[in-house]
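Peer 1: Quick one, structure for this:
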Amino acid sequence: MDDTAHTLGSARTLWDLLAARARRTPDRPALLQDDRALDFGALRERAERVAAGLYGLGVRPGTVVAWQLPTRIETVVLSFALARLGAVQSPVIPFYRDREVGFALRESRAEFFAVPGVRRGFDHTAMARRLGAKGVLTAYDVLPEGDPAVLPPPPAEGTSVRWIYWTSGTTSDPKGVLHTDRSLIAGGSCLGHALRPTESDVGSIAFPYAHIGGPDYLVMVLLYGFPAVLFEQFALPEALDGYRRHGVTIAGGSTAFYSMFLAEQRRQPPGTRVVPTLRLLAGGGAPKPPELYHAVVREMGVQLTHGYGMTEVPMITMGAPDDTPENLATTEGRPPREMEVRIVDGEIRLRGEAVCRGYLDPEQTAAAFDDEGFLRTGDLGHLTGSGHLVLTGRLKDVIIRKGENISAKEIEDLLHRHPDVGDVAVIGLPDAERGERVCAVVEQPPGASELTLEALTSYLRGEGLSPHKLPERLEVVDALPRNETLRKVLKYRLRERFSDTSGSEPDVHSGTVK
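Peer 2: Purely as a prediction, here's the structure:
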């Protein structure tokens, strides 16, 4: 980390960090989107005016404000306005629907809820009304503004809980993860230390800013003083114009992003780079096949660094651009000095400033931390002699699809209500583009009607399940494999059996697993 980034990294709060960057390089661009640009000085000034507007609506230090907004300049401005006030923010992923959003609003006791109105054919305002949300605020193109003279002083410390993020984990209901300004700054500092960006770089945020990776990336932007291009919707080849026009040098997000860029590269004429200025793909959130790393480096002519993080700890390890090809292909990188990694009976446990404070539910917090304050991740792995982390599996029954956690139990609970489902196991299967895809393995009761994938997903949609959680594959079996003691379903047997069936298209099969 250079001297400037190191100095800024000691900022007490996110607002302190933005203010310090705005003083150093007020005229340098911070956020780019389509034909719009906002420099660091203007970001600070506009965020303070919006903070005054929110203050006029009744938002105070400690007020819980939920927001479900796409990746836009206005979303970043609103978030920093709330940080200026010292409010407690509860970001909600834009594609969550009634079930998850209602739970988040209830559990966080949100007093305000900012939504984009009607977006991509879905009426978020109507959903908010259905759920009885308080203080519903449309915040897409227009944000409330006021005179900053009315504002109280900014928060003086960054160790209070001011962020509630939501992760599916292993239970049907999401878990509210508690973060502080300092834990987010620590995560972004670690990311920047690994990737080593410079002021001449141009980054990109093509994933939901409401994801824990949003502030993680913005902290890095503020520490190193380079701009980020925002994409409200990421799709290739449509987004390529934005990458090329703004000269993006660092891109990525998760395994799915790497695969999409690689596919576009393969469509280019020989000798033509899909994004001429691109030098680095970086991300995490899903398993990375070693062959994908080698293909990206070989065919795109860029470096690829992959990392390991979670909602509870936004940056745990990260590959560095000067790591060996073997380490970059087969490991998740090394932890920074500030992150303590301990392997206990194969499980990865963590302690450090970037680790969350726990969960909204005190019982979940007690269960998540051991007696020495290490977070039990539920992930299995080991450290190599060089200190690189290798992931080998998960204790948690969670599927990671395109960087998003999906609870298998939530889908199973819903399918158990279906009259043509006797028993069901939902598993994640390896997928080169998505990281994992959702597969439902169903045991039908006697006399049941034939079950199809289309009927299954239609039923789940009717139950209010978010589209990104819908199974992409259905396997109908005579009997699920179980152990001989508690008759628990042996999911590893299902993964072994059905991972051998290749193909990326949704499909349905039948058979017996023994």
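
Peer 1: what residue ranges in the stretch 351-500 of the chain score low on pLDDT?
Peer 2: Counting by pLDDT under 70, the stretch 351-500 of the chain contains low-confidence residues at 396, 483-487, 500.

Peer 1: Show me where the stretch 1-150 of the chain has its helices.
Peer 2: Counting by DSSP state H, counting those that start in this stretch, the stretch 1-150 of the chain has these helices, from start to end: 3-8, 14-24, 40-57, 73-85, 98-108, 124-130.

Peer 1: Which one, of those, ends up nearest to Ala440?
Peer 2: Across the helices of the stretch 1-150 of the chain, Ala440 has its closest neighbour in helix 98-108 (17.8 Å, Cβ to Cβ). C-betas here are computed from N, CA, C, even on glycine.

Peer 1: which residues sit against the closest one?
Peer 2: Contacts of helix 98-108 from elsewhere in the structure, counted by Cβ atoms under 8 Å, 6 or more residues apart in numbering, are 64, 66, 68, 88, 90, 92-93, 96, 110, 113, 127-128, 130-131, 133, 164, 166, 173-174, 176, 360, 464-466.

Peer 1: Out of the helices of the stretch 1-150 of the chain, which is the most enclosed?
Peer 2: Greatest average neighbour count among the helices of the stretch 1-150 of the chain goes to helix 73-85 (a mean of 25), per mean count of other Cβ atoms under 10 Å.

Peer 1: thought Asp431 was touching Arg437?
Peer 2: Yes: between Asp431 and Arg437 there is a contact under Cβ atoms under 8 Å: 4.3 Å.

Peer 1: what about these two, which has more around it?
Peer 2: Higher neighbour count among Asp431 and Arg437: Asp431, with 24 against 20, using other Cβ atoms under 10 Å.

Peer 1: what pairs with the more buried one across the strands?
Peer 2: Per DSSP bridges, residues listed as beta-bridge partners of Asp431: Gly435.

Peer 1: quick revisit: buried members of the contacts of helix 98-108 into ChimeraX, please.
Peer 2: Here the buried members of the contacts of helix 98-108 are turned into a ChimeraX selection, burial being counted by 16 or more other Cβ atoms under 10 Å:
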select :64,66,68,88,90,92,93,96,110,113,127,128,131,133,164,166,173,174,176,360,465,466
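
Peer 1: can you tell me how far Glu291 sits from Gln265?
Peer 2: Between Glu291 and Gln265 the distance is 15 Å, computed by Cβ to Cβ, to the nearest Å.

Peer 1: One more: Gly307?
Peer 2: Distance from Gly307 to Gln265, by Cβ to Cβ: 22 Å.

Peer 1: Between the two, which is the more surrounded one?
Peer 2: Summary of the neighbour comparison: Gly307 and Gln265, criterion other Cβ under 10 Å, with Gly307 having more neighbours (26 against 19).

Peer 1: per-domain residue ranges of this protein.
Peer 2: Dividing the chain into domains by automatic domain parsing, as the record does, gives the ranges 3-182, 186-335, 399-511.

Peer 1: Looking at the ones you listed, spot the one closest to Ser386.
Peer 2: Ser386 sits nearest to domain 186-335 of all the domains of the chain, at 6.9 Å, using Cβ to Cβ.

Peer 1: Are we agreed that Thr457 is in a helix?
Peer 2: Yes: secondary structure of Thr457 (DSSP: H, G, I helix; E, B strand; the rest coil): part of a helix.

Peer 1: which residues touch it?
Peer 2: Thr457 touches Leu470, Pro471, counting by Cβ under 8 Å, 6+ apart.

Peer 1: I'd assumed Arg46 was in contact with Ala22.
Peer 2: No: with contacts defined as Cβ under 8 Å, Ala22 does not count as touching Arg46, sitting 10.9 Å away.

Peer 1: In JSON lines, list the domains of the chain along with distance to Phe374.
Peer 2: Supplementary listing: the domains of the chain in JSON lines, determined by distance: least, Cβ to Cβ, whole Å:
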{"stretch": "domain 3-182", "distance to Phe374": "16"}
{"stretch": "domain 186-335", "distance to Phe374": "11"}
{"stretch": "domain 399-511", "distance to Phe374": "21"}
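
Peer 1: and the ones you listed, which one's lowest on average pLDDT?
Peer 2: By mean pLDDT, the lowest-scoring of the domains of the chain turns out to be domain 399-511, with a mean of 86.

Peer 1: got the contact list for Glu372?
Peer 2: Arg351.

Peer 1: you'd agree it is in a strand?
Peer 2: No: the assignment for Glu372 is coil, going by three-state DSSP, so no strand is present there.

Peer 1: List phi and psi for it.
Peer 2: Here the main-chain torsion angles of Glu372 (degrees, to the nearest 10) amount to phi -100, psi 10.

Peer 1: distance of it from Ala51?
Peer 2: As it turns out, when the distance is counted by Cβ to Cβ, Glu372 lies 39 Å from Ala51.

Peer 1: list the contacts for the spatially most central residue of the chain?
Peer 2: To find the centre residue of the chain, average its C-alpha atoms and take the closest one (Cα atoms, centre = their mean): that gives His211, at 4.0 Å. Residues touching His211, when contacts are defined by Cβ under 8 Å, 6+ apart, comprise Pro91, Ile93, Gly403, Glu404.

Peer 1: now these: which count as buried?
Peer 2: Buried subset of these (neighbour count, 16+ other Cβ under 10 Å): Pro91, Ile93, Gly403, Glu404.

Peer 1: what's the closest of those to Val76?
Peer 2: Pro91 (11.5 Å).

Peer 1: So what pairs up with that closest one in the strands?
Peer 2: Beta-bridge partners of Pro91, as defined by DSSP bridges: Trp67.

Peer 1: contacting residues for it?
Peer 2: Going by Cβ under 8 Å, 6+ apart, Pro91 touches Ala66, Trp67, Gln68, Ser79, Trp163, Tyr165, Trp166, Tyr209, Ala210, His211, Gly214.

Peer 1: Can you add distance to Val441 and give these back as a markdown table?
Peer 2: Listed next are those as a markdown table, based on distance: Cβ to Cβ, whole Å:
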| residue | distance to Val441 |
| --- | --- |
| Ala66 | 35 |
| Trp67 | 37 |
| Gln68 | 32 |
| Ser79 | 40 |
| Trp163 | 37 |
| Tyr165 | 31 |
| Trp166 | 27 |
| Tyr209 | 35 |
| Ala210 | 31 |
| His211 | 29 |
| Gly214 | 34 |
